[in-house]
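K.L.:
With the sequence up front, the predicted model follows.
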2 protein chains.
Amino acid sequence: MYPDILANVARHITLTPDEEAYFTALLVPQHVPRYGFVLQAGQRAPYLTFVVQGCVRTYATDARGKEHILAFATEGWWCMDSTAFFHGTPATLSLQALEPTQVLHLSLEHMEALCQQVPKFERFFRILSQNGFQHLQRRIEALLKLTAEVRFARFQHQHPRLHQRVAQKHIAAYLGVTPEFLSMLRKKNS
Amino acid sequence: MYPDILANVARHITLTPDEEAYFTALLVPQHVPRYGFVLQAGQRAPYLTFVVQGCVRTYATDARGKEHILAFATEGWWCMDSTAFFHGTPATLSLQALEPTQVLHLSLEHMEALCQQVPKFERFFRILSQNGFQHLQRRIEALLKLTAEVRFARFQHQHPRLHQRVAQKHIAAYLGVTPEFLSMLRKKNS
């Protein structure tokens, strides 16, 4: 269960065996079936979530019921509704497993305890947040300035395997195009 | 020059006078005239930038030369092209002062030195990055799921003073609407 998350942490900080044991004891494992929810909009969202196995989509639903995908998280990625997590407010985003998915949750209380008890985790979560910030800044830039065709090409380049795992309607909802337009783009690029 | 940035840091960590002196000695002040650039796309972007006074817009230019504003930063806000800052690659975003603006820059090298020398800065930059992540996640969610009318109402609520300081064309470029459409929204809401 824990080697992947420990390897993820070890990319940025070095833990002693005792610190590893303390950290992993704080994690809450959850198995989510395909199309099950890690989090549903309207619920409290007490966890920062690491994907051990599977795939989670983070999405928002508009007033007309249309879903817009902000991000996909596969093995080794973290996901969350950040405002709900940090402020304890009801989630406005939903996190749904697109495959049978194994996750590990960390609560805000335990995240803060971890940073107090093992201060090098301040560094880990700083770098994790910085990387997340970069990822979102590039995502907004792409949404605002790139054409759907360029965004699709970039998506294929950035996530070559995801492309084969996820239903086309979800890729369309991530790119902000209709499934029909995505189908046209795929034919054009094949 | 430094009271505002020290107050910003003091929201999350407590520095000794020596630590304050060490920190402020790493900062590079810059006065940017109205419409001058803090950073231009294509340049290296070696700084994380704190706005002491004035207003900076962070924007991307698309292939047709149209500008899209990702964010505004006024007094007490930080701004950056994060990928360019952390990876040393040329910026793809531009940061332009919309008023005579006073900023303080911190280089990546000095940010890392600061975290090494004064480890509580790990905590500060963790919280800063987390807040930035939240801000961008809400911004993407709004772009994807809210109508321009709701985004405009939210912008007025979130940034009541900015609305009076910034040209309408820039607010339109932030909301992703034409200036004409923004003018219509303003009349409807007045």
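P.N.:
Okay, I see it. Numbers count the residues shown, from 1 in each chain, chains lettered A, B, ... in the order given.
K.L.:
What does the residue nearest the centre of chain A show for phi and psi?
P.N.:
In chain A, the centroid-proximal residue (C-alpha atoms, centre = their mean) is residue A:79; its distance is 3.0 Å. Main-chain dihedrals, residue A:79, degrees, to the nearest 10: phi -150, psi 160.
K.L.:
For it, give me its contacts.
P.N.:
Residue A:79 sits next to A:38, A:49, A:51, A:56, A:58, A:71, A:73, A:95 when contact means C-beta atoms under 8 Å, 6 or more residues apart in numbering or on different chains. (Each C-beta comes from the backbone N, C-alpha and C, glycine too.)
K.L.:
Does the first one belong to a helix, a strand or coil?
P.N.:
What it means is residue A:38. Using DSSP: H, G, I helix; E, B strand; the rest coil, the structure places residue A:38 in strand.
K.L.:
Do you know the pLDDT at the residue nearest to the centre of chain A?
P.N.:
What the model reports as pLDDT for residue A:79 is 98.
K.L.:
for residue A:190, same thing?
P.N.:
69.
K.L.:
any idea how far the residue nearest to the centre of chain A lies from residue A:95?
P.N.:
The gap separating residue A:79 from residue A:95 is 6 Å, by C-beta to C-beta, to the nearest Å.
K.L.:
Kindly report the same for residue A:159.
P.N.:
18 Å.
K.L.:
ok, the residue nearest to the centre of chain A to chain B distance?
P.N.:
Per C-beta to the nearest C-beta, to the nearest Å, residue A:79 is found 11 Å from chain B.
K.L.:
Nearest spatial neighbour of that residue, chain-adjacent residues omitted?
P.N.:
residue A:73 (4.0 Å; C-beta to C-beta, 6 or more residues apart in numbering or on different chains).
K.L.:
What's the local residue count around that neighbour?
P.N.:
By the measure other C-beta atoms under 10 Å in any protein chain shown, the count of residues near residue A:73 is 24.
K.L.:
Quick check, it in contact with residue A:59.
P.N.:
No: applying C-beta atoms under 8 Å as the test, residue A:73 and residue A:59 come out as separate, 11.7 Å apart.
K.L.:
Can you spell out which helices and strands pack onto the biggest helix by length in chain A?
P.N.:
Counting by DSSP state H, the longest helix found in chain A is helix A:120-145. For helix A:120-145, the elements it packs on are strand A:67-73, helix A:108-117, helix A:148-158, strand B:56-61, strand B:67-73, helix B:82-87, helix B:120-145, judged by 3 or more C-beta pairs under 8 Å, 6 or more residues apart in numbering or on different chains; DSSP states H and E.
K.L.:
Same question for it: list its buried residues.
P.N.:
A:120-134, A:136-145 (16 or more other C-beta atoms under 10 Å in any protein chain shown).
K.L.:
and the angle from it to strand A:67-73?
P.N.:
Relative orientation of helix A:120-145 versus strand A:67-73 (axes from the mean of the first three to the mean of the last three C-alpha atoms, to 10 degrees): 140 degrees.
K.L.:
any idea of the mean pLDDT in helix A:120-145?
P.N.:
Averaged over helix A:120-145, pLDDT sits at 96.
K.L.:
just for chain A, where's the confidence low?
P.N.:
For chain A, the stretches with pLDDT under 70 are A:190.
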